[in-house]
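Undergrad: structure for this input, please:
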Amino acid sequence: MMKKILLICILLLALAPQTVGSPQYAMQDVVIGAYLVDLSYNIDEGTAIARETIVFVNNGDTNHTDDLCVAIPANAEVMHVSKMDMGEAPPTQVLHERNGEILCWNATIAPGSMAMYTLTYVMTITESSEFVKNLDPAVVNYPIGAFRLKVNTDARVEFTDGVDNAITPDETSPEEGGGVLYSWAGPVAFKELHVKTSQPQPSNMDKWIVYGIIAVLILAALSYPIIHVRNNKLREKEGGNKLSCASCSVCSGDDENDKEPKGGDWGEMDDIITEISQTEEDLIRKKRAILAVLNKLEEDHDAGVVSDADYKRLSSKYEKQAIEIMKQLDQM
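TA: Sure, this is the predicted structure:
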């Protein structure tokens, strides 16, 4: 997976030398040669995971030793930031600091060389929200030579800027493994990229079918208690055995008080609720543990200890757990 990202970013950088070296960047020592965002949506759970790969280039004559900073969504939960080695060595995680939407880490880039970093974060996406990528040079501080966005979702995707003007990609291409890759050649003109998703609207016939099914289910639920009690009375009147109510959630279970249905036995449900109830501290502790497991899993995968299949299966499992905990924390 990481080797594929590395190959893509080097290729993107090779395609954009004329942009990085243009006169308008003459006074800018450090630029972003290639910026790739891999955005995976889970519409059903209302979440999204973003994996960013950024190639920084030092066009100056001296070492760059200042912090590198990028913008991430305010509601993003950062999983890790790593530096990619251009050889066979596995990536190394770097310490980072966050101030609101600004994520920074210290870096040294030699003159005429480049450095590649990856960062992964997860966020909650509701029906009324959207993914916003801030590329404002006043915030990011680096001109961008080429920007690529891969979106993995079956929903319809639209792009706008900060004032709701439509943004059209320079190139759109479906990916073999799923998703669509959208490309913008540099210099990137827009300061913000708003990614809006919307599910296709069902036809009128589909709506009426859904409404009909819901109506039948509601009528069945409402009529069941009446039918159940009436059948009991008919069987008793005809001399038959009365239906047992010992395990029934409709009747009271008492022969003398069987005239009215009741709501059911909630003892088992109370046990379930007690079992899943957790304090905020417990959830935060579990979230940190899961993020640590994800970081270790990615390190072992990059080092070749974990296979691609196992990495995909395990990372998906733990990411879903982290997302579920974040949703519970948001509700507290």
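Undergrad: tell me, how many residues neighbour Ile209?
TA: A count of nearby residues for Ile209, using other CB atoms under 10 Å, gives 12. Placement of C-beta: from N, CA and C, glycine included.
Undergrad: let me fix that: Lys150
TA: Burial measure for Lys150: 20 neighbouring residues, criterion other CB under 10 Å.
Undergrad: confirm that it sits in a strand.
TA: Yes. Assignment of Lys150 by DSSP: H, G, I helix; E, B strand; the rest coil places it within a strand.
Undergrad: which residues are in contact with it?
TA: With CB atoms under 8 Å, 6 or more residues apart in numbering as the criterion, the residues that contact Lys150 are 36-39, 175, 179-182.
Undergrad: please determine how far it is located from Glu319.
TA: When CB to CB, to the nearest Å is applied, the distance between Lys150 and Glu319 equals 17 Å.
Undergrad: again with Phe190
TA: Counting by CB to CB - Phe190 and Glu319 are separated by 30 Å.
Undergrad: pick out whichever of the two has more residues nearby.
TA: Remark: of Phe190 and Glu319, Glu319 carries more neighbours, 20 against 17, as counted by other CB under 10 Å.
Undergrad: okay, and the more buried one sits in which element?
TA: Applying DSSP states H and E as the criterion places Glu319 in helix 308-331.
Undergrad: counting contacts, what elements does that helix pack onto?
TA: Under the contact criterion of 3 or more CB pairs under 8 Å, 6 or more residues apart in numbering; DSSP states H and E, the helices and strands touching helix 308-331 comprise strand 47-58, strand 77-84, strand 114-124, helix 280-302.
Undergrad: got a list of contacts for it?
TA: Here helix 308-331 makes contact (CB under 8 Å, 6+ apart) with 1, 42, 45-47, 49, 77, 79, 122, 124, 278, 280, 283-284, 286-287, 290-291, 293-294, 297-298, 301, 306.
Undergrad: list the buried residues for that helix?
TA: Buried residues in helix 308-331, counting neighbours by 16 or more other CB atoms under 10 Å, are found at 311, 314-315, 318-319, 321-326, 328.
Undergrad: and if you look at stretch 183-202?
TA: Buried residues in stretch 183-202, defined by neighbour count with 16+ other CB under 10 Å: 183-184, 186-188, 190, 192-195, 197.
Undergrad: kindly report the same for stretch 106-121.
TA: Of the residues in stretch 106-121, those scored as buried under the neighbour-count criterion (16+ other CB under 10 Å) are 107, 109, 114-121.
Undergrad: with stretch 91-107 instead?
TA: Neighbour-count burial for stretch 91-107 flags 91, 96, 103, 105, 107 (criterion: 16+ other CB under 10 Å).
Undergrad: who's in contact with the last one?
TA: What that stands for is Ala107. 56, 64-68, 83, 94, 115, 117.
Undergrad: ok, now with 10 Å
TA: The neighbourhood of Ala107, defined by CB atoms under 10 Å, 6 or more residues apart in numbering, consists of 30, 56, 58, 64-68, 83, 94, 115, 117.
Undergrad: by neighbours, which of the residues you listed wins?
TA: Using other CB under 10 Å as the neighbour test, the contacts of Ala107 are led by Leu68, with 23 neighbours.
Undergrad: looking at the helices and strands packed on helix 308-331, which one has the lowest mean pLDDT?
TA: Per-segment mean pLDDT for the helices and strands packed on helix 308-331 reaches its minimum on helix 280-302, at a mean of 79.
Undergrad: now that one and helix 308-331, what's the angle there?
TA: Counting by axes from the mean of the first three to the mean of the last three CA atoms, to 10 degrees, helix 280-302 points 160 degrees away from the direction of helix 308-331.
Undergrad: buried residues in helix 280-302?
TA: Judged by neighbour count using 16+ other CB under 10 Å, the buried positions of helix 280-302 are 283, 286-287, 290-291, 293-294, 297-302.
Undergrad: what do you get for stretch 167-185?
TA: By neighbour count on 16+ other CB under 10 Å, the buried set for stretch 167-185 is 167, 169, 179, 181-184.
Undergrad: pLDDT weak spots in the stretch 101-250 of the chain?
TA: The stretch 101-250 of the chain contains residues with pLDDT under 70 at 126-129, 199-208, 210-211, 215, 219-250.
Undergrad: now do the helices in it.
TA: Under the criterion DSSP state H, counting those that start in this stretch, the stretch 101-250 of the chain carries helices at the ranges 137-140, 204-237.
Undergrad: just give the nearest non-adjacent residue to Ser307, would you?
TA: Here the nearest residue to Ser307 in space, its sequence neighbours aside, is His301; by CB to CB, 6 or more residues apart in numbering that works out to 8.0 Å.
Undergrad: I'd say that neighbour and Ser82 touch.
TA: No. Contact criterion CB atoms under 10 Å: His301 and Ser82 do not qualify, at 11.8 Å.
Undergrad: that'll do, ta.
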